[in-house]
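>>> Sharing a model that was predicted from the sequence below.
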Amino acid sequence: GDSVTQMEGPVTLSEEAFLTINCTYTATGYPSLFWYVQYPGEGLQLLLKATKADDKGSNKGFEATYRKETTSFHLEKGSVQVSDSAVYFCALTDKLIFGTGTRLQVFP
Amino acid sequence: NAGVTQTPKFRILKIGQSMTLQCTQDMNHNYMYWYRQDPGMGLKLIYYSVGAGITDKGEVPNGYNVSRSTTEDFPLRLELAAPSQTSVYFCASGGAGLADTEAFFGQGTRLTVV
């Protein structure tokens, strides 16, 4: 069945460092891909999405490119802030299957 | 703008008790989902629904039941609660053609079974 694999966390970075969180997927057909973010004590909210191969989703300085040839959707940000500390989830449609989440901790 | 509303926010159950977690959305979404999130873990899909009268099992359906009699409501029923069902439960909804829309999540229900 469909599945999503994310790199294990936590990822610990200093402020202004470069961020990459890896995500790969297995799916039949051509799913859409998403990154969701969960701040402490809250539900998930959409960060960005891509609906077809080679699409790039972007929001709040985060980017991810839908790579069909490598079945990947890695999340990147050029300069992280303390406020980016959260858990990040990669997901795919149509059942909206999530990866295990990657906790990001950013220190001043 | 209410979005997705879950009740209750917290609940403690004794082993063998039953309860219903309520979820309602006011966005006229066809797709609705129930997930559980165990401490330090990701989200596991319990059940989902693509419209009123239609439900289907997710990854971890055992011990749960759902119904979808209206577009707005998607209650999750726990029968004979067990300690393994201690978790945070999230309900979500999304429009038809989920590929192009985002899913909206409730604030979660923290359930403890003792």
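Perfect, I can see it now.

>>> show me where the chain has strands.
Let's take chain A. Ranges of strands within chain A are A:3-6, A:11-14, A:19-21, A:23-26, A:33-38, A:44-50, A:56-59, A:62-65, A:75-77, A:86-92, A:97-98, A:102-107, based on DSSP state E.

>>> You answered for a different chain; I wanted chain B.
B:4-7, B:10-13, B:19-25, B:31-37, B:43-51, B:54-57, B:64-66, B:76-78, B:87-94, B:104-105, B:109-113.

>>> could I get those strands as TSV with mean pLDDT and mean neighbour count?
All C-beta spots, glycine's among them, are computed from the backbone N, C-alpha and C. Shown next, in TSV, are the strands of chain B (pLDDT from 0 to 100; neighbours: other Cβ atoms under 10 Å in any protein chain shown):
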stretch	mean pLDDT	mean neighbour count
strand B:4-7	95	18
strand B:10-13	96	14
strand B:19-25	97	20
strand B:31-37	93	25
strand B:43-51	92	21
strand B:54-57	95	13
strand B:64-66	97	18
strand B:76-78	97	18
strand B:87-94	94	24
strand B:104-105	90	22
strand B:109-113	96	18
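
>>> Out of those, the one nearest chain A is which?
In terms of Cβ to the nearest Cβ, the element of these nearest to chain A is strand B:104-105, at 3.5 Å.

>>> What strands flank the closest one, and is each parallel or antiparallel?
strand B:87-94 (antiparallel) (DSSP bridges).

>>> Report the contact partners of residue 18.
Just so you know, I chose chain A. Contacts for A:Phe18 (Cβ atoms under 8 Å, 6 or more residues apart in numbering or on different chains) come out as A:76-80.

>>> could you do chain B instead?
Each residue near B:Ser18 by Cβ under 8 Å, 6+ apart is listed here: B:77-81.
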